[in-house]
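*Asks:* quick one, fold the following:
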Amino acid sequence: MIKTPLHITNGDVLTSYLNELDIVGEKITWQEMLCEGPTLLNINSDDFFSIRAEFFSLHYDIDLDAHAIKTEIDKLNQTEHFSEIILWFEYDLFCHINMIAVINLILQKKIDLPIYLVCSGRIQGTKNLKGLAELSAEQLNIHYKDKIELNLDDLDLASTLWGIYCGKDHNLLKPFIVKSSSFKYLNNCLKAHLERFPSYKSGLNVLERNILEIVRDNTIKSKHHLLGYALNYQGYYGFGDLQIQRIIDKLDFFFAEEDNTLNLNRNGHEALLGQRNYSNKVKDNMVYGGVNISDFQFNAQQNKLVKTIINAN
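*Replies:* The predicted structure follows:
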């Protein structure tokens, strides 16, 4: 029997692109966004799908198609047909948390196959970071040819990080920000993760502050206009429309709309100046893995998470 590669992609768009390019092998499309919402160590379990379904319903009014996800995952039960597993994930936090989850799923299933990573980001001759589906056919084929085989240390690292992410102390991620590995953009993603906890000064995280700065520094005509800006200028997060729109909606307290222009009101300017902590106004009950973000704030001076003092300010 001739064995072929098994490709695990970061979404439908890339899977379709690989098929257009006649990349040989079976494809699994990973359809989750584990950078938000509660997670459990055991990924392929009824409890895992149950808490994910509850999260999507509560925060995004979406019915999670657990059957479709399980159908894709079930392809991992046919490893006798595959020569290797190739992960196709990008430079951002969205992709990296999905990626370490996928690696842990492979390890939990005790699959003994070589695992390779194709990861896009900085492209020579271009200024902006690029997603895999944004690459030309030639560029994507070069990335595939130059894929990196993950070693045991890489796999152990992914396992450790998933355990910490599903746990209660995300400060344990700090030492790994400076650790070398085959995951070229992991350090940036871990730093970005800690900084998306609310600032202890303003109560805003980096993404929220960035959105207020966009409104302050640009002529923004509407929240939809703001959405486009925020999607394009979000650094290492890689969030989609629904995620950024949710953030914009809960920042409504900081905006004033007049003459078809979105401006910051006094609260918005005070938040950017760090004159008040607005955690109680933003009231975000989002969970990252095993941690509710309302329980911690990010202290930039100490470069770590500190427990939130109830009703401080």
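*Asks:* below-threshold pLDDT in the protein: ranges please.
*Replies:* Low-confidence segments of the chain, defined by pLDDT under 70: 310-313.
*Asks:* all strands for it, in order.
*Replies:* For the chain, applying DSSP state E gives strands covering 4-9, 26-29, 37-38, 82-88, 115-118, 148-149, 255-258, 261-264, 287-289, 291-292, 296-299, 304-307.
*Asks:* partners of the last one in the sheet?
*Replies:* Which is strand 304-307. strand 296-299 (antiparallel) (DSSP bridges).
*Asks:* dump the partner strand to PDB, restricted to CA.
*Replies:* In PDB, the C-alpha atoms belonging to strand 296-299 read as follows (Å, rounded to 0.1, in the frame of the first residue of the first chain):
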ATOM      1  CA  PHE A 296      -6.000  38.800  36.300                       C
ATOM      2  CA  GLN A 297      -4.500  42.000  35.000                       C
ATOM      3  CA  PHE A 298      -1.200  42.500  33.100                       C
ATOM      4  CA  ASN A 299       1.400  44.600  34.900                       C
END
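*Asks:* need the contact partners of it.
*Replies:* 170, 194-195, 197-200, 203, 205, 279, 304-308 (Cβ atoms under 8 Å, 6 or more residues apart in numbering). From N, CA and C alone the C-beta is placed, and that goes for glycine too.
*Asks:* still on that earlier bit, any chance of TSV for the strands of the chain, columns mean neighbour count and distance to residue 245?
*Replies:* Shown next, in TSV, are these (neighbours: other Cβ atoms under 10 Å; distance: least, Cβ to Cβ, whole Å):
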stretch	mean neighbour count	distance to residue 245
strand 4-9	22	24
strand 26-29	18	23
strand 37-38	18	16
strand 82-88	22	26
strand 115-118	20	30
strand 148-149	14	34
strand 255-258	13	14
strand 261-264	17	14
strand 287-289	20	19
strand 291-292	16	21
strand 296-299	20	23
strand 304-307	14	26
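*Asks:* could you point out which of these sits nearest residue 165?
*Replies:* Residue 165 sits nearest to strand 287-289 of all these, at 4.0 Å, using Cβ to Cβ.
*Asks:* so what's the gap between that closest one and the chain middle?
*Replies:* 11 Å (Cα atoms, centre = their mean, to the nearest Å).
*Asks:* which helices and strands does it pack with?
*Replies:* Applying 3 or more Cβ pairs under 8 Å, 6 or more residues apart in numbering; DSSP states H and E, we find strand 287-289 packed against strand 37-38.
*Asks:* and the strand it packs on, which strands flank it?
*Replies:* Short version: by DSSP bridges, strand 37-38 pairs with strand 287-289 (parallel).
*Asks:* so what touches the strand it pairs with?
*Replies:* Here strand 287-289 makes contact (Cβ under 8 Å, 6+ apart) with 34-39, 55, 97, 165-167, 170, 193, 196, 293.
*Asks:* list the contacts for the most centrally placed residue in the chain?
*Replies:* Residue closest to the average C-alpha location in the chain (Cα atoms, centre = their mean): residue 94, at 1.6 Å. The neighbours of residue 94, taking Cβ under 8 Å, 6+ apart as the test, are 33, 35, 237-240.
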